[in-house]
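Student: Kindly return the folded structure for what I paste below:
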Amino acid sequence: MLEAGLYLIPTQLSEVPMERVLPAHNIEVVRGIRYFVVESVRSARRFLKKCDRDIDIDSLTFNELNEHSDLSDTAAIEALLAPIARGEAVGVISDAGCPAVADPGADLVAIAQRRGYKVIPLVGPSSILMSLMASGFNGQRFAFEGYLPVDGQARQARLKEMTRRIEREGQTQIFIEAPYRNNQLIADLVKHLPAGMRLCVASDITGERQEIITRTLGEWKRAQYDYHKIPTIFLLYQ
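Tutor: Residues are numbered from 1 along each chain as shown. Here you go, the predicted structure:
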């Protein structure tokens, strides 16, 4: 029997064998959980079957918490934690990587902390940290900005602010883009930021096509690349 609490269960970032990215302990924990809060039921069911094909999926309870959920409905989110009050374990699973990091699961964790429930994060891949590790950039001062604004003027303002943080605070700036706009994002950075600034592009992390390259923007301007529709993390530093 698992101790009652909220278990944060990382998933794969790419289609590679489980043992390459997740420890055996995670599989044992998953086998002991009957209640799950997930970003997508379909993805979660597929992940659990990869963990152990003998898991009886139909005996489990799944509740979705994602970008379409009403995060202002605190009572509804609190209800997802009800099994913990009965002494049960609840698992949180996002579609890729670590739950509650750039993920609606953070709202559930916040409520669990306020209620005094035990929160147990499990070991697993984080594209944000893995890209930072491999970038060669400042790993003591960094910020994850999520998605940059799509609007051109708002995007320029954000880039200027990020540049100031890099120059004044030595803070690595980390962000993402919709995969089909990756190439355009690099072109925008090359066009609007200093040629000497360094950009790390980390694509398909942990996957068979993994590629993590750091160049100055001047070098990126001359380089050939194609990150179209490939999950990618971008990092900027001086």
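
Student: Which positions in the helix or strand Asn182 falls within come out as buried?
Tutor: Using DSSP states H and E, Asn182 maps to helix 182-192. For helix 182-192, a neighbour-count test (16 or more other CB atoms under 10 Å) marks Asn182, Asn183, Leu185, Ile186, Asp188, Leu189, Val190 as buried. For glycine as for every other residue, the C-beta is placed from the backbone atoms N, C-alpha and C.

Student: for stretch 165-181, same thing?
Tutor: For stretch 165-181, by 16+ other CB under 10 Å, it's Arg165, Ile166, Gln171, Thr172, Gln173, Ile174, Phe175, Ile176, Glu177, Arg181.

Student: re the thing from before, distance to Thr11 and pLDDT added to the buried residues of helix 182-192, as a markdown table?
Tutor: Listed next are the buried residues of helix 182-192 as a markdown table, based on distance: CB to CB, whole Å; pLDDT from 0 to 100:
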| residue | distance to Thr11 | pLDDT |
| --- | --- | --- |
| Asn182 | 22 | 97 |
| Asn183 | 27 | 97 |
| Leu185 | 25 | 95 |
| Ile186 | 27 | 97 |
| Asp188 | 31 | 93 |
| Leu189 | 29 | 96 |
| Val190 | 33 | 96 |
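
Student: CSV for these, including distance to Val30?
Tutor: Formatted as CSV, these follow (distance: CB to CB, whole Å):
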residue, distance to Val30
Asn182, 32
Asn183, 37
Leu185, 35
Ile186, 38
Asp188, 41
Leu189, 40
Val190, 43
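
Student: Taking those residues, tell me the two that lie furthest apart.
Tutor: Farthest pair in those (CB to CB) is Asn182 and Val190. Separation: 13.0 Å.

Student: Pull up the overlap in contacts between the two.
Tutor: Residues touching both Asn182 and Val190 (CB atoms under 8 Å, 6 or more residues apart in numbering): none.

Student: If we ignore the residues flanking it in sequence, what's nearest Arg21?
Tutor: Quick fix: residue 21 reads Val, not Arg. Counting by CB to CB, 6 or more residues apart in numbering, Val21 lies nearest to Pro125, which is 5.0 Å off, once chain neighbours are set aside.

Student: Run through who's touching the helix holding Asn182.
Tutor: For helix 182-192, contacts defined as CB under 8 Å, 6+ apart pick out 148, 155-156, 159, 177, 199, 201, 203, 217, 220-221, 225-230, 232, 234, 236.

Student: What of stretch 36-52?
Tutor: Residues from elsewhere that reach stretch 36-52, judged by CB under 8 Å, 6+ apart: 11-12, 18, 26-27, 30-31, 55, 57, 60-66, 80, 90-95, 99, 103-105, 108.

Student: can you check stretch 125-141 too?
Tutor: Contacts of stretch 125-141 (CB under 8 Å, 6+ apart): 10, 12-13, 21-22, 96-98, 101-102, 142, 144, 169-172, 174, 198, 200, 202, 205-206, 212, 214, 231, 233, 235, 237.

Student: In strands only, show me those residues.
Tutor: Among these, the residues falling in strands (DSSP state E) are Phe142, Phe144, Thr172, Ile174, Arg198, Cys200, Ala202, Ile212, Thr214, Ile233, Leu235, Tyr237.
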